[in-house]
Structure formats: structure tokens, C-alpha cells
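Undergrad: Need a 3D model of the sequence below.
(2 chains)
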Amino acid sequence: MLLVVVTRQESTPLLSSSQRRILVKLSRRSFLGTSAALSAASIAGSLAGGAWAASDTVAIASLHDLSGPLDIYGVPSNLCMKVAVEEINAAGGLLGKKVELKVYDGQSDINKYPQYAQKAALNDRVVMVQGALSGAAREATRPVLRKYKIPFIYGSFYEGGLCEKNTFCVNTGGNQQVVPLLEWSFRNLGKKLYYIASDYNAPRNFGIWNHVMAKREGGQVLADDYYPLDVTDFTAAIAKIQTAKPDVVHSCLVGGPAMSFYRQWAAAGMLKKIPIISIVFAAGNEHEVLAPEETDGVIVAYNYFQELDTPKNKEFLAKVEAVAGKNHPYINGEVFGGYSGVMLWAEAVKLAGSFEREAVLAALESGIRWEGPAGVMTTDGPTHNTTQDVHIIKVENRVWSLIEKKEQIPPDTYGGKCNVFTNPNQTDFLMPQI
Amino acid sequence: MDSFVILCFAVVNSIALLALISLGLAVIFGMMRVINFAHGEFIMLGGYATVIANHAGVNLWLSMLVVAPIFVALIGAVTERLIVRRLYGHLITTMLATWGLSLFLIGAVTAIFGNTTMGVSAPLGNIPIGAYSIGAYQLFLIGITALLVVSSLLALHWTKYGLIARAAMQNSEMAATLGINCDRVYAATFIVGAAISGLAGALLAPISGVLPHMGAAYVARAFVTVISGGGALITGFLSAATILGPVEALLSYFATPVIGQASLLLLAVIILRLFPTGVSSLWTGGR
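TA: A predicted model of the protein is given here:
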């Protein structure tokens, strides 16, 4: 996930690709150098099968921030995983076994992620781990699970371009949100776009997508304004936007202080003058925290939103209510991955007839089709991402309504570079090209 | 012309915000040489007091202008009595103690209200300027900051209390021999400083929203402003705000916000290199 919340010890949310490459290399080298670690891993690999074979339960792990600044995303994502597990067990479990959910609290602390991932792999002998929502948590978790050969399901929407054998991304990647949203807004709101975003890796990656789309749709990006994560005064920013006279403002501002922008934007009377589009707004339920007069009319794109009017979604919400009560947190597109991830994995297990990593991954790669509350989702083999519907929605008085549904958007292949079949050892991020 | 007006507005707004978040610290640090690391959290508490009172049905203006400063003044009184009083004169120890206090306050507020942003909408609507518009509340913010600064200046230089306070700060032994109860003066000054910080937080709540760790966004700039200002309490930090604010606002406007923020800090370094005791040494003769 590309969201961060500003804390006193603000860390770099995402590593640059070169930093990441160095880290990966370092860990690979120290890994190979340590025979003890190597044998522990191979024992773990061989034991993982044995753990569930003899038992009548099988464990999967939920690795989310259930406390700390990021709990606003972690708690409902964990809830969604719980709902999925209960649904699977109510239907008789998987391959005759009950699914057990091991819950870990990452405490919004990156250091906890590799520790807990390792514990889940070695102690709990889980057959799948899902979570690690923030980009930083994901990068800390991925190598550990790769090492212990435990499939990792990543449930956040993110900037896209993650293509790795051991990881499956079940939420939208960058192109699946940005492309439909910008296509729609260039056609319906106007050609001149002003980009204002928080200053770290993911919003900058989305910033490249703006230019890609502007070129494709004959639009124009008037500015790329990146703000540090501790800025609370947006007066100069708003003045700058007013002088630039855009048709639409694309906001990728995140975190608490960034809410200042929406406040000051509305206070300056701009909300009714220039529409705001966003791919991150409301992932932390900003539409419930801010007043309606500060958010009315904001347009976003997500695969899922709670007001979606389908029978499948009504069923799903009833299950959520049964687990968490009537006052459950709002289920947004960000946290919905907790549900769809487990359900897609379960479909793969059924198809494979096994919990073994190779068999499950092969099943996922074969293109699992699952119809859920957000419509049909299909796993995509070469990219390890998913094809899915994306909804362009607008908020009015804290309620989202559908503007347009874009059906079955495939993940971007980054010019064919994202392909785990031809390039099974790739672990790096791919960037969009203009 | 219109764009020039809103640019001027952004500049004045930037100065006013720096002044507003620094005034409480100027009183506490500038006068008492107490490094109050919990300054940002006093601002945060002011914000929370406003939002909670307002949600409980208290009129917004009453919550901002009365409830918040009184509440934070009470916190300030307790802090002074329990922690700061024992540490006067020990710069580093006070710094550590108030840093601990700031972590405690963040933790306590998080435990009580959770980590979500709370807030109230900005009142007063907006004012159109040609093709542009600005928030009327921000004009109010500039006005009330000016009022606060001027009245602090007057209180320090033209009232008996101000004279006593300045005497106690400058030479407490001499003041004590003249029959001034310095303990009480210190306590009062700390409480006034806390109340002003609380008021600042209250006034910021409608434009920024409140959350437990919001203080971090303010404390560094407040220190930079007060330290660059130097010895002369009010005029010092005000002149620092007047130099730093426009640089930040204009560079954010014409270049990027990152450059704006960086140049604020860079400029503060240059100021302190040229005037090691702050810009106000220009007219106070390097006190």
C-alpha cells in the first residue's frame, strides 16, 4: 500500500529501487554465507508440509498493523481476512481441514514484520501469509517469505510493477486505478491536470502515470507538486493552483496533516470550483473524518466500495456484520484485499487439491476466476497481479455513488517486462515508461 | 493583480502562522530559558480541547478562544509544578524531561482518542478576490495573531507585571532581594506560555485537523523561529518570522515546497552564523 501516516520518527516509506537492490543483494549474500540459516530454511521448507498433513487444521497468517498509526488500515484488513476464513470454514473448510487464522500485530513498526513473518513460517507452519500493507512493510516481509518458501498475498492497492514468483498482488496496481480515473477525467472534466502529492516513492510513481495518460489522451500536466509529509499549511499551494487554472486537481496526498489540504481547499471555496480526483483519498476513510462540505464531489477509483449495489456485496456485508457487529469500520477498496486475497487463495487450493506452495502458485498462475462482492476477479499468471473491475465513484454527504464501472482491467505488463514465467528470478519493481 | 494579492496573502499567512506557533515558545523559552520540547504537544492539546468541546456542544468560538487556552494553562500549571520547577537552570535536564513529557502526552492522547484525525470545519466561508478566493478564516487567523503579538508586547513593556517578569528573568537574585516572589513569576510565565500555545493549537484546528503526533510538524519551526529571533522576546521572534515566512512561502510558490522548507532551515543557519545571538542582537546590541 502506498499510504503512510506521519509520525515523529517518520521513516522512508519505500526504498528506491537501487537501495532495494542493494538490500536484496546483501541479504542474499549473508543468507548464503550462513549455513545455519540455510539449513534452518530447508528444514522449515520440508517440515511445512508435514505440519498440516497430519493435522485437521491448516494455518494461514494475518500480518497487519492492529495498533499504532497505521491501524486505521490494518484493523479492517484483518477483519476482512477473518470474515473470509469464517466463510470458508462455515462451508466445510478446505480439503477437509479447518482453516486457522494466526493473527500478528505489526504495531506500525517495520522491524516487527520480518520477525513475525519468520515466526509464522517456522513456528506456526503457515501455508500462506497475507498483509504487510505499507510499501515499507511489504519490502521487509517479501524476502523473508521468499526465503522460507511461504506464498505471500499482498492485499493493498499499490503503485504496480511488483512481479515476483512468491508474491501475488490481489488488489489494484497503479495502472488499474490511474488509467481509468484519468481516462474518465480527461474526457469529462477537462484536459488540464494539476498534480499535488506527498513526497515519497509511490506518489512519484503515480506522477509518472499522469504523464503517460496525458500523452495518451492529449491532456496536459500543469504541475507536479510534491509536499513533505509534515506540511500542514497549504496556502501557498492553493494560491499556486489558482493561478495555474487547471480543469482538475489530482491529489495523492496522504496522512493526517494532508487532510489540512482538503480543509483549506474547501475553506478557500475551491471545492465547488475545481474538481478533485484521487486514488488514495478515503483509503483511510477520510470521507468519514472530514465534514461533508469539505469532501463533497471528490472522485476516486477503487475496485471495491461498500455502497456497491450487488447481491454478492449484500451477502458479504452481512457476513462482516456477523463478525464485527453493526458498527464495523467502513470497508473500502484498500482493506477489501483482505477478503479477496484469502478467497482467491482458497480457490487456488481447491483447484490444486493441495496446500503445497508449488501447487498453489501454479493454480494461481493458471488464472483463477472468482466472483466476489466487487465483481469478477481473475489472477494473471505472468504478472502475478489480478484482472478486475474498477469503479469510478463520487462522494456526496459521506456516501459513495457509482459514476462509471470499468470492466476487467488487466494488470500492466510494463512492456512485457513483468513476466514471472520468462523471468522467474525477478524481484525488483518496474517503473512505468512515458 | 489578483494573483499578486493572493501571493501577498500567502506570504502574510506564512508569517502569521510562524508567529502563532512560536509565540508560546517565545514566552517560555525566550524568557525562562526552559527548552520546552512539549511545546508541540501543548499545541496539540489545544486542538483536542477545541474539537472535544465543540463536539460536546460548546460554541466553536468559545471552544477555541476560551476552553482550549484554559485547559492547556491547567496542563501547563501541573507541568510546571511537577516537572519544570525542579529543573530551572538545568538546560539539558529540562529538555529531556519535557521530551519525555511530550512522548507521554502523545501516548496518552493516542490511548484515549485513537490515532485518527479529528477536527472541525473552518467557519466564515471564503472571500473572492477577482478570479481567486481565499479562506476568510485565514484572514481572521492573521488578525488574531497580530492582536496576540501586539498585546504580548504591550503587556511585557508597559505593565507592572511585564516589568516584574522581565526583572525576575534577567536577574532573579536581585529581583528576589527587592521582594519579588520569583517562583510565582516563573510559574505564571510558564502558564501564560502554555495558554498561548493551547490557543495556537485551537486556532489551527479548523484548518489542519488534530491528531496525536501533530506537534512534530510545529515544534521544529517554532524553535527555529524563536532561536533565530534571539534575545529580544517579541520583536526578535517576530522579525525572524518576517524573514523566514516569506522565503518559505515564495519559494514554495515559485519553486517547490521541498525547496521552500529547506530554504527556511538554511536561512535560519545563515542568520545564526551572522548573528549568533539571533537577529534581535542588531538592535539590542548582542545581549
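
Undergrad: contacts and neighbour counts: CA atoms only from here.
TA: Will do.

Undergrad: Let me know the distance separating residue A:181 from residue A:389.
TA: Using Cα to Cα, to the nearest Å, residue A:181 is found at 12 Å from residue A:389.

Undergrad: Among these two, which residue is more densely surrounded?
TA: Shown here are residue A:181 and residue A:389; by other Cα atoms under 10 Å in any protein chain shown, residue A:181 has more neighbours (26 against 22).

Undergrad: Now do the contacts for that one.
TA: A:277, A:300-301, A:392 (Cα atoms under 8 Å, 6 or more residues apart in numbering or on different chains).

Undergrad: Let's have those in CSV, adding neighbour count, secondary structure and pLDDT.
TA: As requested, the contacts of residue A:181 are exported to CSV (neighbours: other Cα atoms under 10 Å in any protein chain shown; DSSP: H, G, I helix; E, B strand; the rest coil; pLDDT from 0 to 100):
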residue, neighbour count, secondary structure, pLDDT
A:277, 26, strand, 95
A:300, 25, strand, 94
A:301, 29, strand, 94
A:392, 25, strand, 94
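
Undergrad: of these, closest to residue A:367?
TA: Nearest to residue A:367 among the contacts of residue A:181, counting by Cα to Cα, is residue A:301 at 24.1 Å.

Undergrad: was I right about the closest one contacting residue A:177?
TA: Yes: using Cα atoms under 8 Å, residue A:301 is in contact with residue A:177, at 5.6 Å.

Undergrad: Setting aside sequence neighbours, what's the nearest residue to residue A:269?
TA: residue B:126 (5.6 Å; Cα to Cα, 6 or more residues apart in numbering or on different chains).

Undergrad: repeat for residue B:192
TA: residue B:73 (6.7 Å).

Undergrad: measure the one you found to residue B:124 for me?
TA: According to Cα to Cα, residue B:73 stands 27 Å off from residue B:124.

Undergrad: So these two - more neighbours on which side?
TA: A direct count of neighbours by other Cα under 10 Å for residue B:73 and residue B:124 places residue B:73 higher, at 25 against 13.

Undergrad: And the helix or strand harbouring the more buried one, what does it pack against?
TA: Using DSSP states H and E, residue B:73 falls within helix B:68-82. Counting by 3 or more Cα pairs under 8 Å, 6 or more residues apart in numbering or on different chains; DSSP states H and E, the packing neighbours recorded for helix B:68-82 are helix B:39-55, helix B:182-208.

Undergrad: possible to save those helices as JSON lines with mean pLDDT, distance to residue A:92 and mean neighbour count?
TA: Below are the helices and strands packed on helix B:68-82 laid out as JSON lines (pLDDT from 0 to 100; distance: least, Cα to Cα, whole Å; neighbours: other Cα atoms under 10 Å in any protein chain shown):
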{"stretch": "helix B:39-55", "mean pLDDT": "92", "distance to residue A:92": "47", "mean neighbour count": "28"}
{"stretch": "helix B:182-208", "mean pLDDT": "89", "distance to residue A:92": "50", "mean neighbour count": "26"}
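
Undergrad: So which of those is nearest residue A:421?
TA: Nearest to residue A:421, of the helices and strands packed on helix B:68-82 and by Cα to Cα, is helix B:182-208 at 48.4 Å.

Undergrad: Residues of the stretch 101-250 of chain B that sit close to chain A?
TA: B:115-123, B:125-127, B:132-137, B:206-209, B:211, B:213-214, B:216-217, B:249-250 (Cα under 8 Å from any Cα of the partner chain).

Undergrad: Next step: the residues you listed restricted to helices.
TA: If you go by DSSP state H, those have B:136-137, B:206-208, B:216-217, B:249-250 in helices.

Undergrad: hmm, back to that, pretty sure the residue nearest to residue B:192 is in contact with residue B:187, am I right?
TA: No: counting by Cα under 8 Å, residue B:73 stays clear of residue B:187, with 10.7 Å between them.

Undergrad: For the stretch 101-250 of chain A, which residues are neighbours of chain B?
TA: Checking the stretch 101-250 of chain A against chain B by Cα under 8 Å from any Cα, the hits are A:225-228, A:230-233, A:235-237, A:239-240, A:242-243.

Undergrad: ok, then the element right after the helix holding residue B:73?
TA: Once helix B:68-82 ends, the next helix or strand along the chain (criterion: DSSP H and E) is helix B:91-113.

Undergrad: So what touches that next one?
TA: For helix B:91-113, the surrounding residues in contact (Cα under 8 Å, 6+ apart) are B:33-41, B:83-84, B:87-88, B:212-213.

Undergrad: Kindly write the ChimeraX command that selects the buried subset of the residues you listed.
TA: Entered in ChimeraX, the line below selects the buried ones among those, by 16 or more other Cα atoms under 10 Å in any protein chain shown:
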select /B:33,34,35,36,37,38,39,40,41,84,87,212,213
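
Undergrad: In the contacts of helix B:91-113, find the pair that's most separated.
TA: The span of those, defined through Cα to Cα, is set by B:88 and B:212 at 27.8 Å.
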